[in-house]
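1. Below is the sequence, then the predicted model.
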Amino acid sequence: MAKLRDLIKSLIDELEKMQTPNASPEKIGGKKVMSGFISAGDGIYLVLSQKMEGLIAEIARVLKQNDPPLALSHTDDEWRQMVRTSFGPALTGIDLADDPDKSADIVLSEVRNSLSDYQTDGIQEYAFGCTFFRKDVAPFAVGPVRIEPRFEWLERKVEDGSVSLVTGRRVRKKWLGHQLRRRKSVIGGMRETDILDAIGGCKFVCSVTTNGLASQAGKLKAQTAARLALTFIALWWQMPSTALDGFNLLIDRSVRTQRSLLFVPGKIRLAGGTMIGRPHGPPITDEEWKVILTEHHREFEVMGELIEFYISPTGKVGRPKLMNALAQALLWFHEGCREQVDLMAIVNFAATLDALASGRESGGILKLIKARLGVNPDDKFRSNGQTMKQAVEEVYGKGRSRTVHGTNEQFGHDWTSTRQLAEVLARYCLLSCLTWAGSNANDDPKLLMQ
C-alpha cells in the first residue's frame, strides 16, 4: 500500500508539473517527443509525460502483483491499458493543492473502483482454421477444444445464431467453389470475409471455449490450448512429429517448399527443394478414429482436464500440480516436434522427460521410465545393445545438458538418430503418464516416478 501511495504521489507531482507553460511537448535527446493522452470523460483529456507513463506502468505492475489471479486472466499489456484508462477520471477528480497523501488515497480508491467495474469477458469461443485428417471424421472434443469438419462447424454456428443464415449460405457456396456476388450489406460482407480469411482453405475448424479471461489473454491461451490438443492427438502415432506435420492451425504454418541455390566454382546447379509441412495428417478412417476415442477415453478426459487447467482464469481446478507438470511436458514435446534443428529438438524432448520427472534430471528420468514403462536402467533398450541408462545419457547428458551449457564437443555432428530416440522416449513417457493420471486421482506429480 505504501509503495502504491508513493507511486501515485509521484504521478500527481508530475501531473502538476505538466500544468506549467512549455511542459509539452517534451524533448528526449534533443528531439521533441509526442506526449500521450488519456480521456477524463466529458470530452476532457489529460496529457501524460514520459515519466507519467512510466509511473502508471509501474503502478499497473504492482497492482497485478498484488492480485495473483490477474496473471492468469490478463496479459501485462492489456492490464496496463486498463489501469492507464482508469487514471483519467481519477486524476481529474482531485485538487492539486490538497494534501498529497490524501489525494493519493483518493486516486487509488477511484482507480480500484474503476478497475472493479471492468468485467473479464464471459464465455468466448475462438475458432481457427485447421488441417487435420484427409477425410472427414465426426466432430469430437478434448475438454474445451472442439475439432470438426468446416461444414459441420458452419452449420453449428448458424444454428446457435452466431452466423446469419445469409452469411452461412454464402460461405458454404464459396467453400463449394462457387463465385459470390458482391454483398449489399457492408457489415455482413465484413463478417463473411472474416470467416473466409480465418478458415482459409482448411477442411477442419478447431474451436476453443474460454470463460473469465480478458480478450488478449483469452486469444493467446486459446491458441496454445489448440496446439496442445493437436500435439496430444499426434501422440497416438509412432512418430508424433510426422503426424503433427499435418496437424496445423492456419495461424501457425502452411505447406511450403524450402529452396536454396547451389554453386560450384563457375557453375550453378539445380538444388531442388524440400517440402515443409503436410497438407493433412496420417491416413485414417472415421471408424479407426472412433476406436482410438473409445479405447483411450480416459487419456482424452485427462487431456481435457489439462486444457481446462491451462485456460482457467483462477488456476483452481481439481489437480493443479499434476496438470501443471503434464501441460508443461506436452508443450515442450510440441516444440520438439516442430523444431527443425535436430539438436534443439533433443533439448525440447529432454525437457519433456525432465518435466515429467519433476526436474530430477537423468536420475529422475530413469525412475520415471522404470515406474511407467517397466524398463530398468540396465535393461537392453535398442537393437545395438544400448541400455536404458546409456540411452538417457545420450539424450539428456550428451544431447541436452552439454548443449545447454555450451560444452557439446559434438555440436556439428549428425543428431538425427538421437532425435528419434528422444522423441520415442518422450512419447512413451507422456502416454504412460496420461494413462496413469486417468486411473489415479492423486495430485502429486512425483508419484509418476513410483
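-> Alright, I've got the coordinates.
2. And the strands in the chain?
-> Under the criterion DSSP state E, strands of the chain are mapped to 26-28, 31-33, 36-41, 44-48, 123-131, 140-142, 145-149, 204-211, 248-249, 256-259, 262-264, 267-269, 273-276.
3. just so I know, which of those lies nearest residue 316?
-> The closest of the strands of the chain to residue 316 is strand 204-211. By C-beta to C-beta, the value is 13.0 Å. Bear in mind the C-beta positions are built from the backbone N, C-alpha and C, glycine included.
4. quick one: residue 123 from residue 162, how far?
-> Distance, residue 123 to residue 162, by C-beta to C-beta, to the nearest Å: 12 Å.
5. With residue 290 instead?
-> 28 Å.
6. swap in residue 150?
-> Residue 150 is 14 Å from residue 162, by C-beta to C-beta.
7. These two - which one has more neighbours?
-> residue 150 (22 against 13; other C-beta atoms under 10 Å).
8. Skip the chain neighbours and tell me the closest residue to that one.
-> residue 205 (5.2 Å; C-beta to C-beta, 6 or more residues apart in numbering).
9. Look up which residues are beta-bridged to that neighbour.
-> For residue 205, the beta-bridge partners under DSSP bridges are residue 129, residue 148.
10. quick one, what contacts it?
-> 127, 128, 129, 130, 147, 148, 149, 150, 153, 199 (C-beta atoms under 8 Å, 6 or more residues apart in numbering).
11. One more: residue 220?
-> Applying C-beta under 8 Å, 6+ apart, the residues near residue 220 are residue 75.
12. Enumerate the positions of stretch 40-52 that are buried.
-> Neighbour-count burial for stretch 40-52 flags 40, 46, 47, 48, 49, 52 (criterion: 16 or more other C-beta atoms under 10 Å).
13. can you give me the helices for the stretch 251-400 of the chain?
-> Assigned helices in the stretch 251-400 of the chain, in chain order: 286-295, 297-311, 320-338, 342-356, 361-373, 388-392 (criterion: DSSP state H, counting those that start in this stretch).
14. where are the low-confidence patches of the stretch 301-450 of the chain?
-> Within the stretch 301-450 of the chain, not a single segment meets pLDDT under 70.
15. For stretch 61-76, C-alpha coordinates in CSV please.
-> The C-alpha coordinates for stretch 61-76 follow below in CSV (Å, rounded to 0.1, in the frame of the first residue of the first chain):
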residue,chain,number,x,y,z
ARG,A,61,2.7,-3.9,-12.4
VAL,A,62,2.3,-3.6,-8.6
LEU,A,63,-1.5,-3.9,-8.7
LYS,A,64,-1.2,-7.1,-10.8
GLN,A,65,1.5,-8.5,-8.5
ASN,A,66,-0.8,-7.9,-5.5
ASP,A,67,-3.7,-9.8,-7.2
PRO,A,68,-2.3,-13.2,-8.4
PRO,A,69,-5.3,-14.3,-10.4
LEU,A,70,-4.8,-11.4,-12.8
ALA,A,71,-1.6,-13.1,-14.0
LEU,A,72,-3.9,-15.8,-15.4
SER,A,73,-6.7,-13.7,-16.8
HIS,A,74,-4.9,-10.7,-18.3
THR,A,75,-1.8,-10.1,-20.3
ASP,A,76,0.6,-7.5,-18.9
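16. contacts for stretch 365-384?
-> With C-beta under 8 Å, 6+ apart as the criterion, stretch 365-384 contacts 353-354, 356-357, 360, 386-392, 396, 421, 425, 428-429, 432-433, 436, 448-450.
17. got the end-to-end distance for it?
-> 21 Å (C-alpha to C-alpha, to the nearest Å).
18. cool, stretch 149-166 as well?
-> Its start and end residues considered, stretch 149-166 measures 20 Å (C-alpha to C-alpha).
19. Ok, stretch 329-347 next?
-> End to end - C-alpha to C-alpha - stretch 329-347 spans 12 Å.
20. Using neighbour counts, pick out the buried residues of that stretch.
-> Applying 16+ other C-beta under 10 Å to stretch 329-347 flags 329-339, 342-343, 345-347 as buried.
21. Next: stretch 206-225.
-> 206-210, 212-214, 217-218, 221-225.
22. Same question for stretch 176-196.
-> For stretch 176-196, the neighbour count (16+ other C-beta under 10 Å) marks 183, 191, 192, 195, 196 as buried.
23. Equivalent analysis for stretch 137-153, please.
-> Result for stretch 137-153 [16+ other C-beta under 10 Å]: buried residues 137, 142, 143, 144, 145, 146, 147, 148, 149, 150, 153.
24. got CSV for the residues you listed, with pLDDT and distance to residue 294 too?
-> Below are the buried residues of stretch 137-153 laid out as CSV (pLDDT from 0 to 100; distance: C-beta to C-beta, whole Å):
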residue, pLDDT, distance to residue 294
137, 94, 13
142, 97, 14
143, 96, 17
144, 97, 21
145, 98, 19
146, 98, 18
147, 98, 16
148, 97, 18
149, 97, 20
150, 97, 25
153, 97, 23
